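> Here's my sequence, what's the structure:
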Amino acid sequence: MPRIIAIANRKGGVGKTTTTVNVATAMAAAGKKVLVIDLDPQGNASTSMGVNKKGRMASAYEVLIGQAKLSEAIVWTEIPNFSIVPSSADLAGAEIELVDMPKREFALKNAIETQAINYDYILIDCPPSLGLITINALVAANSVIVPLQCEFLALEGITDLIRNINQIKRVFNPDLELQGVVLTMYDKRNNLTQLVEEDVRNFFGKKVYQTVIPRNVKISEAPSHGKPVLIYDFKCPGSQAYISLTGEVLKREKELLAC
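Alright, predicted model coming up:
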């Protein structure tokens, strides 16, 4: 079975999708076979990979509600070793449909486990909420990465998210671990950034990755070209930061497996 990592935060605009597609790209470049599952109804991960979401026979929505097998929704990208299950606007209504399903929290986990899919890692891009879709991702996952924007308001709700992760670990998924917290949109010239970093590192300790993701215009431009920033501009600071972050992620995965 592949290792499954959910990228989650209840707040939007903190870099979940950017982190998902670029860590996946760096993993693929390192020879890992990677699948991204886009569970956000906005479909930003799919757009960031240049996937045409119109006219698709199957998407993450059909997989989640049991109308399609996971393998039927997989789309290969132009990047070797990197494929994606695209999102669909129908995911916005999946929360309601899942309510009456038996074992509704395990829909995604069952969809993954009932197929012999040959991947090293599955990365799940979660929506900015803690509804049934995100719960499904956390129940299916081995570990969680939490992107955290370096702004004061981004700190609000982070303790609630960790509490929710611990609740899911206790009730549904005892193997779930917080792999780490990654600081995004980091601006070392800004005093507030440094204060937020200090607070987060004091609170989470070694769970915070050493690598920080800087504010970088190339990161913002890349999705409009349907590419991860690692492909759009490999040499920019954002790309180099994601390469470094992926090294830390892979190292922590080995440590979690060794436990």
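> what sits against Val249?
Contacts of Val249 were listed using CB atoms under 8 Å, 6 or more residues apart in numbering, and they are Ile5, Val23, Met27, Ile145, Gln179, Gly180, Tyr209. (Glycine included, C-beta is placed from N, CA and C.)
> My error: substitute Gly13 in the last question.
Contact criterion CB under 8 Å, 6+ apart gives Pro128, Gln149 as the residues in contact with Gly13.
> roughly how far apart are it and Asn52?
Remark: distance between Gly13 and Asn52 (CB to CB, to the nearest Å) = 25 Å.
> again with Met185
Separation of Met185 from Asn52 (CB to CB): 29 Å.
> The two - which one has more neighbours?
Neighbours were counted for Met185 and for Asn52 using other CB atoms under 10 Å; Met185 has more, 23 against 11.
> these two touch, right, that one and Val212?
No - under the criterion of CB atoms under 8 Å, Met185 is not in contact with Val212, lying 9.2 Å apart.
> Could you pull up the mean pLDDT of the lengthiest helix in the chain?
Selection of the longest helix in the chain by residue count, based on DSSP state H, yields helix 237-258. Taken as a whole, helix 237-258 has a mean pLDDT of 93.
> Tell me the bridge partners for the residue nearest to Glu177 when sequence neighbours are not counted.
Spatial nearest neighbour of Glu177, excluding adjacent residues (CB to CB, 6 or more residues apart in numbering): Ser143 at 4.7 Å. Ser143 has the following beta-bridge partners by DSSP bridges: Ile5, Glu177.
> In contact with Ser143, which residues?
Contacts here follow CB under 8 Å, 6+ apart; on that basis Ser143 touches Arg3, Ile4, Ile5, Ala6, Leu176, Glu177, Leu178, Gln179, Arg252, Glu253, Leu256.
> now with 10 Å?
When the contact criterion is CB atoms under 10 Å, 6 or more residues apart in numbering, the partners of Ser143 are 3-6, 175-180, 249, 252-253, 256.
> from those residues, which is closest to Ile124?
Nearest to Ile124 among these is Ala6, at 4.6 Å by CB to CB.
> separation between the closest one and Leu256?
Applying CB to CB, one obtains 14 Å for the distance of Ala6 from Leu256.
> Against Ala140, how distant is Asn74?
Actually, residue 74 is Ile. It isn't Asn. Distance from Ile74 to Ala140, counting by CB to CB: 16 Å.
> Pass me the low-pLDDT residue ranges in the stretch 1-150 of the chain, would you?
With pLDDT under 70 as the threshold, the stretch 1-150 of the chain has low-confidence stretches at 53-56.
> So which residues of it form strands?
Counting by DSSP state E, counting those that start in this stretch, the stretch 1-150 of the chain forms strands over residues 3-7, 34-38, 75-76, 82-85, 121-125, 143-149, given from the N-terminal end onward.
> strand partners of the third one, parallel vs antiparallel please.
Strands flanking strand 75-76 in the sheet, each with its direction: strand 82-85 (antiparallel) (DSSP bridges).
> got it, and the fifth one?
The partner list of strand 121-125 in its sheet, established with DSSP bridges, is strand 3-7 (parallel), strand 34-38 (parallel).
> how about Val196, what does it touch?
Val196 makes contact with Leu148, Gln149, Cys150, Glu151, Phe152, Ala154, Leu155, Leu183, Tyr186, Asn190 under the criterion CB under 10 Å, 6+ apart.
> which one among those gets closest to Leu245?
Using CB to CB, Leu183 is the member of the contacts of Val196 that lies nearest Leu245, at 10.1 Å.
> Hmm, that closest one is touching Val200, no?
Yes - counting by CB atoms under 10 Å, Val200 is a contact partner of Leu183 at 6.6 Å.
> the more surrounded of these two?
Just comparing Leu183 and Val200: by other CB under 10 Å the higher neighbour count belongs to Leu183, 24 against 19.
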